[in-house]
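Asks: the sequence and its predicted three-dimensional model are supplied below.
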Amino acid sequence: MFAGDSRAAQNLVEAQAKGFASAWLPGVAAFWASLRVYFAVSHASVAGKLRAVLFPFAKKQWRRKRAEELDGGGDARAGALHGHALPLEDDNAPDGYVPLVAFVTFALVAGYVRGSRGTFTPEVLASIFSWCAGLQMLEIALYSLGLYLLGAHNVPVLDVACFTGYKYVALSINAIAHFFGGERAYYAALFWTGLSASYFMLKTMAQAVPAELESSAARREIVVLVFGVLQGLSIWVLGRSA
C-alpha cells in the first residue's frame, strides 16, 4: 500500500513540476532573450558610451539608429529593441553591460573606502547594494510614469533601467576621486559628473519622446528637464549615503 502511495505522490510532484515549467519557462526564456540583446556590446561601443556619459557636451548626434538603416538591415535580434540597432551598432542604444559593471565597481570602491577608514563591516556591501537597488527601482518607476504621461508608451522598462543605470559610471569616478584626493577632489568630480549625467539624461530622454508629441512642447520640456535634474540629484544622494 505504501509503495502505491509513494508512486502516486511521485506522479503528483512530476505533474506539478511539468505544469510549472510549461507555465513559467516560456516567459523566462522570452525575458532572457529580451535581456540578452542589451549585452551585445563591443570594446568600441563601450568606449563610445563612456565618452557620451562623461563628456556629453561634445556629442552632436543623439538619435538612435533603426535596424533597417544599417547595412544588411541590422541584426535580427534588434527586434527585441523595438526595431532599433543593437548597442554594438549604435552608441545611442541602451546597454546593460556598462551600468552593471559600473554598479559593481561603485559598490566595491565605496566598500574599500569604508575599509580604509576602518569603518568597513560585512553589512556595508549589503547596505550599499540594497540602497542602490531601492533607489534604482524608484527612479525606474518615476521615469516610466513621466514617459507614460508624455504619451511615450513604447519605451521599454529595460531601456529606462539602462538609461538610469549609467549614473553608476559617475558614482564610480566620484568614489575613486574621493579615495585618492579627499573631499575637494570628490566635490570637483561630483560637479562635473553631475552636470554630465544630467545633460546626458536630458538629451537621451528628449529622443525617447515621439516627435508627434511636439504639440505638448511645454509639458514635454518640463518633464525632460526634471528627468535630467533627478539624475544629478540621485548621484548626489547615493554618493553621500555610500
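Replies: Received, thanks.
Asks: do I have it right that K49 meets P99?
Replies: No: if you go by C-beta atoms under 8 Å, K49 and P99 don't touch, sitting 9.6 Å apart. (Glycine included, C-beta is placed from N, CA and C.)
Asks: between those two, which contacts overlap?
Replies: Residues touching both K49 and P99 by C-beta atoms under 8 Å, 6 or more residues apart in numbering: Y166.
Asks: any regions of the protein where pLDDT drops low?
Replies: For the chain, the stretches with pLDDT under 70 are 1-33, 69, 71-82, 117-122, 210-218, 242.
Asks: quick one: the helices in it?
Replies: Here the chain has its helices, by DSSP state H, at 2-36, 43-54, 97-116, 122-150, 157-165, 167-208, 217-241.
Asks: for P87, find the nearest of the ones you listed.
Replies: helix 43-54 (5.3 Å; C-beta to C-beta).
Asks: so what touches that closest one?
Replies: 58-59, 87-92, 95, 97-98, 166, 169-170, 173, 193, 196-197, 200.
Asks: contacting residues for the residue most central in space within the chain?
Replies: With distances taken as C-alpha atoms, centre = their mean, C162 lies nearest the centre of the chain, 2.2 Å away. Residues near C162 by C-beta under 8 Å, 6+ apart: Y38, P94, D95, G96, P99.
Asks: could the residues you listed go into a markdown table alongside neighbour count and distance to V224?
Replies: Shown next, in a markdown table, are these (neighbours: other C-beta atoms under 10 Å; distance: C-beta to C-beta, whole Å):
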| residue | neighbour count | distance to V224 |
| --- | --- | --- |
| Y38 | 23 | 23 |
| P94 | 26 | 17 |
| D95 | 23 | 21 |
| G96 | 19 | 23 |
| P99 | 23 | 20 |
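Asks: going by distance to M205, which of the residues you listed wins?
Replies: Nearest member of these to M205, counting by C-beta to C-beta, is P94, at 11.5 Å.
Asks: what about the residue nearest to V223 when sequence neighbours are not counted, neighbour count?
Replies: With C-beta to C-beta, 6 or more residues apart in numbering as the criterion, V223 has its nearest non-adjacent residue at 4.9 Å, and that residue is G146. When counting by other C-beta atoms under 10 Å, one arrives at 19 neighbours for G146.
Asks: going forward, count from 20.
Replies: Done: numbering now begins at 20, and the last item shifts to G165.
Asks: so how far is A180 from G165?
Replies: According to C-beta to C-beta, to the nearest Å, G165 and A180 sit 15 Å apart.
Asks: and if you look at A63?
Replies: 23 Å.
Asks: which one's more surrounded, those two?
Replies: Taking neighbours as other C-beta under 10 Å, A63 and A180 compare with A180 leading, 19 against 10.
Asks: and the more buried one, what does it touch?
Replies: Counting by C-beta under 8 Å, 6+ apart, A180 has contacts G115, P118, Q155, I159.
Asks: in stretch 75-88, what's buried?
Replies: Residues of stretch 75-88 classed as buried under the neighbour-count rule (16 or more other C-beta atoms under 10 Å) are P75, K78, R83, K84, R85, A86.
Asks: hmm, the third one is touching E108, no?
Replies: No: in this structure, R83 is not within contact of E108 by C-beta under 8 Å, at 10.3 Å.
Asks: which residue comes closest to the residue nearest to the centre of the chain once chain neighbours are left out?
Replies: Leaving aside its chain neighbours, C181 sits nearest to P113 (3.5 Å; criterion: C-beta to C-beta, 6+ apart).
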